[in-house]
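Q: can you look at this prediction? I've put the sequence above it.
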Amino acid sequence: MPSEHKQRVFDLLKSLETKDPAPFAYINPKKYIQHNLAVADGPAGVAALIRNLPPDTKVNTVRVYQDGDFVFAHTEYNFFGPKIGFDIFRFEDGLIVEHWDNLQEAATEPSPSGHNLTRTYQDMRQPSEVVTGGLAVWQQDRAIELLHKHLDGDLTLPGLAKECGLSPGRFMRGFKKSFGVPVHRYLLQRRIQAAKSVLLHSDKSLLTVALDAGFSDQPAFNRSFREIVGTSPGQWRRANTSIPKAFKLLAQG
């Protein structure tokens, strides 16, 4: 369940970019409290927020931690300029019931020490908070950063493990323990997430979307998309081209 909570937060934040309504199901519509006074409570408030974001909004969640029923996320946003966000979500019975956030403009220059708020890996390669049997927090951060930068699959498993200071076998076991899925499954899910964004915001052909998302060909993309989403890319695109209308209905409900 802990890994599932972290993934749900990741997916909900990513929906600000993809406009995918599926993560709305992770919000308890009867209990959800939004502590940002600029956003209304409940799924309708989130829908209204997404509807008002620019279409080129980008969301990159850098790290996600969990402590009991609370999940903390550190995210790089880009809408109306680059921003850094810190979000805290409280879960109850598997659903999000409360949310706090702090959003600030991203620094354009490093600090006097030569670092910035989101890139301090050189100083983090030391014993740190560890998920029992899993990866240290800095290893989780580094692995996710590299996987997101290499969705096309040009990063080898030994290379990824080396960046985290582990053998491939130890890295694979630690990754699954920390994130609840094997490395290849996580990468596949992120590729599908990236493909969804392109499907919604462009008229690119399915073959081009497949290649851009790191798939070798369209049949492989179709199979993976259907496995993860439950329908084909073409059907999903047609069903979701009216997302703004759907959000409007949610906001009015």
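A: Perfect, I can see it now.

Q: any stretches of the chain with poor pLDDT?
A: Within the chain, the stretches with pLDDT under 70 are 1-3, 107-133, 242-253.

Q: and the strands in it, which stretches?
A: Using DSSP state E, the strands of the chain run over 33-34, 58-67, 70-78, 82-92, 95-105.

Q: now do the second one and strand 70-78, the angle between them.
A: I take that to be strand 58-67. Calculated by axes from the mean of the first three to the mean of the last three Cα atoms, to 10 degrees, strand 58-67 forms an angle of 160 degrees with strand 70-78.

Q: now do the buried residues in strand 58-67.
A: Across strand 58-67, burial judged by 16 or more other Cβ atoms under 10 Å covers 59, 60, 61, 62, 63, 64, 66. To be clear about C-beta, it is placed using only N, CA and C from the backbone, and glycine gets the same treatment.

Q: how far out from the middle of the chain is stretch 216-225?
A: 21 Å (Cα atoms, centre = their mean, to the nearest Å).

Q: give me the number of residues near residue 55?
A: The tally of other residues near residue 55 (other Cβ atoms under 10 Å) stands at 10.

Q: helices of the stretch 151-253 of the chain, start to end?
A: Under the criterion DSSP state H, counting those that start in this stretch, the stretch 151-253 of the chain contains helices at 157-163, 168-179, 183-201, 206-212, 218-229, 233-240, 243-252.

Q: typed the wrong thing, it's the stretch 1-150 of the chain
A: Secondary structure of the stretch 1-150 of the chain (DSSP H, counting those that start in this stretch): helices at 2-18, 42-52, 137-149.

Q: out of the strands of the chain, nearest to residue 148?
A: Across those, residue 148 has its closest neighbour in strand 58-67 (6.6 Å, Cβ to Cβ).

Q: contact partners of that closest one?
A: For strand 58-67, the external contacting residues (Cβ atoms under 8 Å, 6 or more residues apart in numbering) are 2, 5-6, 9-10, 13-14, 16-17, 71-79, 118, 129, 137, 140-141, 144-145, 148.
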